[in-house]
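A.B. asks: give me the fold of what follows.
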Amino acid sequence: MHQRTIGGHPVSAIGLGGMPMSIEGRPDEERSIATIHAAIDAGVTLVDTADAYHRDANEVGHNEELIARALRGYGSGADGVLVATKGGHLRPGDGTWTRNGDPEYLKRAAKESARRLGVDAIGLYQFHRPDPSVPYADSVGAIRDLLDEGVIRMAGISNADVGQIDEAREVLGGRLASVQNQFSPAFRSSQGELEHCAELGIAFLPWSPLGGIKNAKDLAARHGVFQEVADEVGASVHRVTLAWQLALAPVVIPIPGASRPESIRDSAGAADLVLTADQVARLSA
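C.D. replies: Predicted coordinates for the structure are as follows:
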């Protein structure tokens, strides 16, 4: 599989989003672990998670622990996998989401994530979502402190606008490695952030790149041109969608969620699917 980089660290051009394996409607653990192993078999070396990827209130970090078990079970072949996790977005267990950008909370959360992942230092730690009750620079300052202390190796932000990207770069002293925003055929309001990251050489990680858990299956019906191109190249509409995102900029690394081995195997193939300039233009239009 073709590679890209996050903060100078080489990773696969397609990552694996772990969220569907831990929230409502999740599969059993055996299938989830088989999905993670299938991703590694397919050359995926980036796995994205968060402490908030869980279903019930008493299982914070469910997805982190699941990924840690899967990587241990895979053996030494998983040594090159970069696990990216996030903190600052919480699920109380009632289906809602809340935010906590308090610096001391973020530092505790990161250390708990490292413990669950079974690592001395988290490969990539991302501030999950801005908290309007806390100055953004204060929250990112906690990520900077974690970087300086060696609790994390690389720092990222998620759900950020252009101004917040620039602010985070300043607070981190130029060490912002990644930005993870929603981006898909149906959700293109992060196009400006994608282009800004491309100009700065910062990895841009689209989350829900296929439209999200509920909408991915309807991608072809909702966006007919993607099906047209899929028919032209003889690939699934999902693979074409990811290949289109890869063609937008060399910093783009989509992280499609998956809960079945066949899903991530198909997605991983996007890294080797080359679209023509005309096809990319039609999809972008």
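A.B. asks: so what's the residue count around G163?
C.D. replies: Residues within reach of G163, counting by other CB atoms under 10 Å, total 10. C-beta here means a position set from N, CA and C on the backbone, and glycine is covered the same way.
A.B. asks: list the contacts for the residue lying closest to Q126 once chain neighbours are set aside?
C.D. replies: Distances taken as CB to CB, 6 or more residues apart in numbering place G156 nearest to Q126, at 3.7 Å, with adjacent residues excluded. Remark: with contacts taken as CB atoms under 8 Å, 6 or more residues apart in numbering, G156 is in contact with 6, 84, 124-127, 176-180, 203, 205.
A.B. asks: select from those every entry located in helices.
C.D. replies: Residues from the contacts of G156 lying in helices, with DSSP state H as the criterion: none.
A.B. asks: for stretch 30-40, list every residue counted as buried.
C.D. replies: S32, I33, T35, I36, H37, A38, A39, I40 (16 or more other CB atoms under 10 Å).
A.B. asks: what's in contact with it?
C.D. replies: By CB under 8 Å, 6+ apart, the residues outside stretch 30-40 that reach it are 16, 18, 21-22, 26-27, 47, 66-67, 69-71, 73-74, 77-78, 81, 258-265, 268.
A.B. asks: among the residues you listed, which ones are buried?
C.D. replies: Buried residues within these, counting neighbours by 16+ other CB under 10 Å: 16, 18, 21-22, 26, 47, 66-67, 70-71, 74, 78, 81, 258-261, 263-265, 268.
A.B. asks: avg pLDDT for stretch 217-225?
C.D. replies: Across stretch 217-225, pLDDT averages out at 85.
A.B. asks: how about it: buried residues?
C.D. replies: Buried residues in stretch 217-225, counted by 16+ other CB under 10 Å: L219, A220, H223, V225.
A.B. asks: so which of those comes closest to N58?
C.D. replies: In terms of CB to CB, no member of these lies closer to N58 than L219, at 34.7 Å.
A.B. asks: same for the helix or strand hosting the closest one, what does it pack against?
C.D. replies: Secondary structure here is read from DSSP states H and E; on that basis L219 sits in helix 219-222. Where contact means 3 or more CB pairs under 8 Å, 6 or more residues apart in numbering; DSSP states H and E, helix 219-222 is packed against helix 224-233, helix 237-248.
A.B. asks: if you count contacts, what does the shortest one end up packed against?
C.D. replies: Spelled out, it's helix 224-233. Helices and strands touching helix 224-233, as assessed by 3+ CB pairs under 8 Å, 6+ apart, comprise helix 219-222, helix 237-248, helix 277-284.
A.B. asks: what's the most buried one of the ones you listed?
C.D. replies: Here the criterion is mean neighbour count by mean count of other CB atoms under 10 Å, and of these the winner is helix 237-248, at a mean of 24.
A.B. asks: now it: average pLDDT?
C.D. replies: Along helix 237-248, the predicted confidence averages to a pLDDT of 98.
A.B. asks: repeat that for stretch 128-141.
C.D. replies: In this model, stretch 128-141 carries a mean pLDDT of 98.
A.B. asks: same question, stretch 174-187
C.D. replies: Taken as a whole, stretch 174-187 has a mean pLDDT of 97.
A.B. asks: and that stretch, how far out from the chain's middle?
C.D. replies: In terms of CA atoms, centre = their mean, to the nearest Å, the gap separating the centre of stretch 174-187 from the centre of its chain is 8 Å.
A.B. asks: where exactly do the helices run in the chain?
C.D. replies: Secondary structure of the chain by DSSP H: the helices cover 29-41, 62-74, 103-117, 136-149, 162-171, 191-200, 219-222, 224-233, 237-248, 261-268, 277-284.
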